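J.: What follows is a protein structure lacking sequence information:
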């Protein structure tokens, strides 16, 4: 399946997301904040998808995404933002850094699995 980096400062959210993704057969790498996420992406050059919290210490999800996109292999990587925020301003800021997908917390396992599966299917179709 896919190799997915999940980045969230909440242990509970990381556990929920990790469980949902492994139930779908995906390999998961976990990071505890934006800086850790950037470091994990830097040392794992074959990640297929990043799922990141918006509000985190060290680097926000958007700041982390900007840094990760400086890595050649990840210039166009798909990122899903997890957030409790729903403002149009947040969505506009996400689009500015190439993020087209977001999931509003709390994470509901079945809906989350369906959303991630659709995103991975679209990634695979684009890759040919």
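T.: Done, it's in. Model, not experiment: these values are computed from the prediction.
J.: got the contact list for the longest helix along the chain?
T.: Secondary structure of the chain per DSSP state H: the longest helix is helix 109-127. Here helix 109-127 makes contact (Cβ atoms under 8 Å, 6 or more residues apart in numbering) with 1-2, 4, 16-17, 19-21, 23-24, 48-49, 51, 78, 80, 101, 103. C-beta coordinates here come from the backbone N, C-alpha and C atoms, glycine included.
J.: Mark which of those residues are part of strands, please.
T.: Counting by DSSP state E, the contacts of helix 109-127 place 4, 49, 51, 78, 80, 101, 103 in strands.
J.: quick revisit: which parts of the longest helix of the chain count as buried, going by neighbours?
T.: Along helix 109-127, these residues count as buried under the neighbour rule (16 or more other Cβ atoms under 10 Å): 112, 115-116, 119-120.
J.: can you give me the mean pLDDT across stretch 17-37?
T.: The average pLDDT within stretch 17-37 is 97.
J.: And for stretch 92-108?
T.: Averaged over stretch 92-108, pLDDT sits at 90.
J.: Would you indicate which residues of stretch 42-58 are buried?
T.: Result for stretch 42-58 [16+ other Cβ under 10 Å]: buried residues 47-54, 56.
J.: quick one: which of the residues you listed is nearest residue 107?
T.: Ranked by distance to residue 107 (Cβ to Cβ), those are led by residue 51 at 9.8 Å.
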